[in-house]
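Asks: got a predicted structure plus its sequence, pasted below:
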Amino acid sequence: MTLPRITQNQAAEIDRLRKAGRTNRQIERIVGLTYGLLSKPYRVGDDARPIMNRDHLHQRGWIT
């Protein structure tokens, strides 16, 4: 089973809202997360996707 992933910005916003006394459902609605996400385990990932290294595609001749 894969864990859902949220960004670091979303995690910081969740922490801020929890300190302000918001419930999980209110936080999910404010931040724009799916219903029930905060009641289950989740991962915090990078804010941006890593840049893909395309050197292996050049070596195989898939792109020029």
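Replies: Looks like it arrived, so ask away. What you see is a predicted model, and the numbers here were worked out from it, not measured in a lab.
Asks: what stretches of this protein score poorly on pLDDT?
Replies: Applying pLDDT under 70 to the chain picks out residues 1, 49-64.
Asks: what sits up against the biggest helix by length in it?
Replies: Longest helix in the chain by number of residues (criterion: DSSP state H): helix 8-19. With contacts defined as CB atoms under 8 Å, 6 or more residues apart in numbering, helix 8-19 is touched by 6, 26-27, 30-31, 33, 38, 44-47. For glycine as for every other residue, the C-beta is placed from the backbone atoms N, C-alpha and C.
Asks: most neighbours of all those, which one?
Replies: Counting neighbours by other CB atoms under 10 Å, Ile27 leads these with 20 neighbours.
Asks: now that one: which helix or strand?
Replies: Using DSSP states H and E, Ile27 maps to helix 24-31.
Asks: that helix - contacts with which helices or strands?
Replies: If you count contacts as 3 or more CB pairs under 8 Å, 6 or more residues apart in numbering; DSSP states H and E, helix 24-31 packs onto helix 8-19.
Asks: got the buried residues for the helix it packs on?
Replies: Residues 10-11, 13-14, 17 are the ones in helix 8-19 that count as buried (16 or more other CB atoms under 10 Å).
Asks: and the helix holding Ile27, how far from the chain's centre?
Replies: Offset of helix 24-31 from its chain centre (CA atoms, centre = their mean, to the nearest Å): 15 Å.
Asks: now the buried residues of helix 8-19 in TSV, with distance to Thr2?
Replies: Listed next are those as TSV, based on distance: CB to CB, whole Å:
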residue	distance to Thr2
Gln10	17
Ala11	18
Glu13	23
Ile14	20
Leu17	25
